[in-house]
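Visitor: here's a sequence, model it:
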Amino acid sequence: MASRHLSRSIAMQSLYEWDFNKNKKDLKSITERNILEFGSGLEETNFIWDLVLGVNEKIKFIDEIIVKTAPEWPLEQINILDRNILRLGIFELLFGNQESVPPKVAINEAIELAKNFGGESSRKFVNGVLGTVYREISQEEIS
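Guide: Numbering: from 1, shown residues only. Predicted coordinates:
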């Protein structure tokens with residue numbers, strides 16, 4: 001598994017556990033444990049920390065985007081897995097380094113996470129929401 005993909009998987013698992021526990025557990029401790037457990041082959045963990053801490057810092061803004069982009073799904077009713085994959089994908093689309101991770105790569109990686117950890121409906125849902133966010137970003141850049 002490529003190191004960036006593995007890093008995203010660890011970040012998603014950490015955010016999932018944190019969200020599952022209603023943010024009552026320490027996100028840094030969860031992430032450290034997941035890096036030790038699942039990231040033994042990684043040479044560096046900066047990308048994981050950028051994702052996890054970045055999502056945590058921007059979570060309210062990101063969640064507002066999810067609510068606007070998927071209005072038929074109240075945030076708390078979105079599957080925890082899908083919600084956290086969307087958070088990662090939106091973070092990468094809006095705040096990530098677009099030279100090292102172009103928007104279409106960020107979307108594809110989120111879809112791969114949904115495919116690997118979720119089901120068919122997860123993949124389609126993540127693709128639809130992130131595609132909408134990407135189109136809106138593109139429209140704003142043109143305007």
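Visitor: show the model's pLDDT score for the residue at minimal distance from the centre of the chain.
Guide: Centroid check for the chain by C-alpha atoms, centre = their mean gives residue 88 as the closest residue, at 1.6 Å. Confidence at residue 88, expressed as pLDDT, is 98.
Visitor: off-centre distance for the helix or strand where residue 35 lies?
Guide: Applying DSSP states H and E as the criterion places residue 35 in helix 27-38. Relative to the centre of its chain, helix 27-38 is centred 16 Å away, using C-alpha atoms, centre = their mean, to the nearest Å.
Visitor: and it, what does it pack onto?
Guide: Counting contacts by 3 or more C-beta pairs under 8 Å, 6 or more residues apart in numbering; DSSP states H and E, helix 27-38 is packed against helix 3-20, helix 46-69. Any C-beta I mention is one placed from the backbone N, CA and C, and that applies to glycine too.
Visitor: and it, C-alpha only, in PDB?
Guide: The C-alpha coordinates for helix 27-38 follow below in PDB (Å, rounded to 0.1, in the frame of the first residue of the first chain):
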ATOM      1  CA  LEU A  27      -7.600  12.500  19.100                       C
ATOM      2  CA  LYS A  28      -3.800  12.700  19.400                       C
ATOM      3  CA  SER A  29      -3.600   9.600  21.600                       C
ATOM      4  CA  ILE A  30      -5.900   7.700  19.200                       C
ATOM      5  CA  THR A  31      -3.700   8.800  16.200                       C
ATOM      6  CA  GLU A  32      -0.500   7.800  18.000                       C
ATOM      7  CA  ARG A  33      -1.800   4.400  18.800                       C
ATOM      8  CA  ASN A  34      -3.100   3.900  15.200                       C
ATOM      9  CA  ILE A  35       0.300   4.900  13.800                       C
ATOM     10  CA  LEU A  36       2.100   2.400  16.000                       C
ATOM     11  CA  GLU A  37      -0.400  -0.300  15.200                       C
ATOM     12  CA  PHE A  38      -1.000   0.200  11.400                       C
END
